[in-house]
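> predicted model and sequence below, questions to follow.
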Amino acid sequence: GAGVSQSPSNKVTEKGKDVELRCDPISGHTALYWYRQSLGQGLEFLIYFQGNSAPDKSGLPSDRFSAERTGGSVSTLTIQRTQQEDSAVYLCASSPASSSYNEQFFGPGTRLTVL
Amino acid sequence: GQQLNQSPQSMFIQEGEDVSMNCTSSSIFNTWLWYKQDPGEGPVLLIALYKAGELTSNGRLTAQFGITRKDSFLNISASIPSDVGIYFCAGLRQGAQKLVFGQGTRLTINP
């Protein structure tokens, strides 16, 4: 079946503009995660959605970052008033409800460049 | 946030050589996962480990869940050019819902 998809694959924006990044998880996966990966770095957890529960936003770096998940499927990560330090690859991952071991399947990422 | 200590950070080897990398933590983990990330792609799951002492193979890859539950290693035998990439370990603590990732090991292979 189809894997996790993300759009756009690349986004170049000017400092101060808002951006929206989209994630389509694997059908039927109830858990969805957003990560940020800076150049040459590991994965930094941002936010986690599980079913209808309140999202875990503990990883969001500032109040400029927000995310929502509509209908338990598609998720949008929004960055307001972008800064140059926001430049990174933003990865989305999903995990099936049946997985008690948290095996996450990743999308290809969105590369964000803030000029 | 909390990170696993993954080493080495980078490796430069000759094709055909074996590779070994590991992750350690001061915390106990119930699950260890190893991912590989190719340039421009998201990480792909290679091996999942669920029990202390477990040794699991996937082709030329072998990974072990440390007996103390605080570490894991990944070995690649007879490396080939397509093994190039960044390898990440990830761990899940009991009761946790979020994976903790290592910083990655960048593997470069000289033909």
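Noted; the coordinates are in hand. Numbers count the residues shown, from 1 in each chain, chains lettered A, B, ... in the order given.

> per-residue confidence at the residue in chain B that chain A sits nearest to?
Closest residue of chain B to chain A, Cβ to the nearest Cβ: residue B:42 (3.3 Å). Placement of C-beta: from N, CA and C, glycine included. You'll see residue B:42 listed with a pLDDT of 92.

> ok now do it, which residues does it touch?
Going by Cβ atoms under 8 Å, 6 or more residues apart in numbering or on different chains, residue B:42 touches A:4, A:91, A:93, A:106-109.

> could you list the low-confidence segments of chain B?
B:1-3 (pLDDT under 70).

> please name the bridge partners of residue B:23.
Counting by DSSP bridges, residue B:23 is bridged to residue B:6, residue B:72.

> burial count for it?
Neighbours of residue B:23 under the rule other Cβ atoms under 10 Å in any protein chain shown: 28.

> please verify my assumption that it contacts residue B:5.
Yes - the pair residue B:23 / residue B:5 is scored as a contact, 6.6 Å apart, by Cβ atoms under 8 Å.

> between these two, which contacts overlap?
Shared between the contact lists of residue B:23 and residue B:5 (criterion: Cβ under 8 Å, 6+ apart) are residues residue B:102.

> so residue A:29 bridges to which residues?
Judged by DSSP bridges, the bridge partners of residue A:29 are residue A:96.

> now do the same for it: its pLDDT.
We note a pLDDT of 90 for residue A:29 in this prediction.

> how deep is residue A:7 tucked in, by neighbour count?
14.

> most neighbours among the contacts of residue B:42, which one?
residue A:91 (27 neighbours).

> noted, bye for now.
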